[in-house]
Structures are given as C-alpha cells and as structure tokens.
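**Q** have a look; sequence and predicted model below, questions after that.
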Amino acid sequence: MNKLSKFCHELSNFTKIKPEIYLSPATGYRARAEFGYSNYSYTMVEDGKKKYMDKSSIPHLSIQQLMPNLLSKINDSELMQKKLFQINFRTSGTKVLATLIYHKPLQEDWILAAKNTQDNLKNLSVIGRSKKQKVLIGEEDLEVVCHYTNSSFKILQNDLVFFQPNFYLYSLMISFIAKQLGDPKDLLELYCGCGGFTLPLASKFKNVFATENNRHSIRLLKESIKLNNLSNIETARLSDNETASALANERPFRRLENIDIQSYSFSHILVDPPRAGLSDETIALSKQFKNLIYISCNPETFLRDMAKLDRKIESIGIFDQFANTEHLEVIAFLKK
C-alpha cells in the first residue's frame, strides 16, 4: 500500500469525504535541498547507501544549474573544501543561497576564497557556518515572488526559517485554502513562520493576527508586510501556549502592549504546527472557534489530533510535497 492509499484508508475512520489529491512533479520541485560533501562530490543517502554526484535532478532548476559550477569552484580551492561536510541550498526561483558548513573555524583566507567564488557565479549568495560561527558573504535574505490564482505577493526568507519547499504545490495549497473560506471575518494564525500563508490570505480576511515563536521568522514577516503594503496584519512573537494564555487574558504580555487582542472577531483559526502536531493547550484553544484550518506536515500526528479535536471534516487536500518519499502534507477544513 503506497503512502496515499495508506493515509486515505486511515482517514476513512474520520470521514467519508474523499480528499483532493495534488501531485508534485518528480524532478525540479525542491526549492531547498541539503547535501553532504565528501570525496569532491555532493552526497546523499538513498536506499541506505551513500550516493555521490555532481548535481541532482530533484532541486529547482536554478539549484540544478548552480550545483556543478559551485562544486568545481570548491574542489579547485583547498581552503573551500577542507573540513567541509554539508552544503545547503535555498532558492527564490532565480537567486540561490548556498550555506557551506564546516568542521573548522572560518578565517580571513576562507572569506576571501568564498567571496571570489560568489563573485564568479551568477545569482549566488554564500554563507559559511561552523561551530558558533556564521560568516555572511552575500545577502542573507531571499525575496520570493509567489503567484497563485490571479494574485501574487513577495515574501522574504533565509536559511534560519522554515519556508515551503515545493513552489509548484505551494501555490495550489494557497488556492485550496482560499476557495474554502466562505464568509470570513478575522483570522487567528498560530505557527505563522515567515508568512507563507499569512501574506496571501490577508486579502481574504478583514484582519489577521499571526503568532510565531521564532524571532527570525517574525522579523522577516514584518518586513514582508511592509514590502507588500499590507495594513491588516498584526504579528507577535508568541508560542502556541503563550497565544492561548494571551487570548484567555491570563496574564499580560509585553509583546502585546500595542495590540488589542480582545478587539478581534475571529471567524477562523489556522494552525501549521511542526511534525509533533498540536499541543493539548492548542487543541483546547482551537475549540473556541467554529472554523479550524489545519495544515499538517505529518499525517500520523494529524490523525492523532483529529481523535482529540472532535470536529467534522468539511474538506481535505493531500499534497505530495516530496515525490519519491514517504512524506505528505495535509490541509483540512474542520468545523465544530
């Protein structure tokens, strides 16, 4: 039984609604990719065995095109290759951020070599990392222009934050959510990250209050809000449990000094938790709202949480973000 059949079978315990299934291209779909470095090659583990390569067909085309050229520059420089063990890529679709991770401190001679490499390759920004050290050669933040339906928006991301890894399915995920909303008022969003859903959904709601515990994500989201000239989004660096406490007015939060959280009229709550799923406190909070949008990167914890939420599934989409792996992304609209 493949991963889609397995999840649909388990889902049938909660609903008779057939999910909408969205498949990814098998190649060129990953907007971020991580590789090891060994024996002058990129490496990855496949079927339990280490595989050596100079490029891969899995990442976005902009990463594919850069990979052999960057590898050649690294292999031509003893400073660049010594103690290098991992290379991470992110792309905006045009510009690529490459993070080189080392088992050694990075000295001035490495900085000069890395700058030379960056200057000789188009649309590349290099970051060097080692234990307790980060060296920024180019620009750290990537500006991604995202298109969905008849709209577009700009979003900033970098290697310190989570961002959707599959550009092709990302736009379909936004459209799937937008078409289900009905008559929305205000949106409460938990685990908002750098605004992957906050920004495109803002036009669908009167107001949005978005919370996230990662300070880097909140900084980027605030800058993206300005970049898109949006005036109906407020953000706060709060964990899921802190958000629940703030809404219950259990204690004051200095980070909410200029936000009247009680003035909102929330018609929807959107949650996009990590693979661990929702905490019991967040599940309790969600029960205050009629409409719950649950975005899950782990079908197992999604099904576990469904048993606790006691809600009806109105619609559900399955997004095969990582072709050729066992991972799935799920978006469910749940009503009380």
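**A** Nice, I can see it. Numbering: from 1, shown residues only.
**Q** list the buried residues of stretch 85-103.
**A** Of the residues in stretch 85-103, 86-92, 95-102 count as buried by neighbour count, 16 or more other C-beta atoms under 10 Å. From N, CA and C alone the C-beta is placed, and that goes for glycine too.
**Q** helix or strand for the residue lying closest to Val45 once chain neighbours are set aside, which one?
**A** In space, and not counting its chain neighbours, Val45 is closest to Lys51: 7.2 Å by C-beta to C-beta, 6 or more residues apart in numbering. Element membership for Lys51 (DSSP states H and E) is strand 49-53.
**Q** which positions in that strand come out as buried?
**A** Under 16+ other C-beta under 10 Å, strand 49-53 has no buried positions.
**Q** so Val271 touches Gly277, yeah?
**A** No. Contact status for Val271 versus Gly277: not in contact, 9.4 Å apart, counting by C-beta atoms under 8 Å.
**Q** assign the residue nearest the centre of the chain to helix, strand or coil.
**A** Taking C-alpha atoms, centre = their mean, the centroid of the chain lies closest to Phe163, which sits 2.4 Å from it. Assigned state for Phe163: coil (three-state reduction, DSSP: H, G, I helix; E, B strand; the rest coil).
**Q** do you know how far Ser5 is from Lys122?
**A** 44 Å (C-beta to C-beta, to the nearest Å).
**Q** higher neighbour count, those two?
**A** Lys122 (12 against 9; other C-beta atoms under 10 Å).
**Q** name the helix or strand for the more buried one, please.
**A** Using DSSP H and E, Lys122 falls outside every helix and strand.
**Q** tell me which residues touch Thr301, please.
**A** 273, 275-278 (C-beta atoms under 8 Å, 6 or more residues apart in numbering).
**Q** domain assignment for this structure?
**A** 3-24+166-335, 32-136 (automatic domain parsing).
**Q** measure the first one end to end?
**A** In terms of C-alpha to C-alpha, to the nearest Å, the two terminal residues of domain 3-24+166-335 are separated by 26 Å.
**Q** avg pLDDT for it?
**A** The average pLDDT for domain 3-24+166-335 rounds to 94.
**Q** and stretch 116-131, by the same measure?
**A** 96.
**Q** buried sites along it?
**A** Neighbour-count burial for stretch 116-131 flags 117-118, 121, 124-130 (criterion: 16+ other C-beta under 10 Å).
**Q** chain center to it, what's the gap?
**A** Chain-centre distance of stretch 116-131: 23 Å, with C-alpha atoms, centre = their mean, to the nearest Å.
**Q** just stretch 107-120 next, same as before
**A** Computed by C-alpha atoms, centre = their mean, the chain-centroid distance of stretch 107-120 equals 30 Å.
**Q** tell me which residues are up against it.
**A** Contacts for stretch 107-120 (C-beta under 8 Å, 6+ apart): 70, 73-74, 77, 79-80, 100, 124-126, 128, 135, 137-138.
**Q** tell me the buried residues in the lengthiest helix in the chain?
**A** Among the segments of the chain that qualify as a helix by DSSP state H, the longest is helix 61-75. Across helix 61-75, burial judged by 16+ other C-beta under 10 Å covers 62-64, 66-67, 69-71, 73-74.
**Q** can you get me a residue count around Ile318?
**A** 21.
**Q** among the contacts of stretch 107-120, which pair sits farthest apart?
**A** Pairwise distances across the contacts of stretch 107-120 peak at 18.8 Å for Leu79 and Ser125 (criterion: C-beta to C-beta).
**Q** could you pull out the helices for the stretch 151-300 of the chain?
**A** Secondary structure of the stretch 151-300 of the chain (DSSP state H, counting those that start in this stretch): helices at 167-178, 198-201, 215-227, 240-247, 280-286, 299-309.
**Q** which of the ones you listed sits most buried?
**A** Among these, judged by mean count of other C-beta atoms under 10 Å, the one packed with the most neighbours on average is helix 198-201 (a mean of 25).
**Q** I am finished for the moment; much appreciated.
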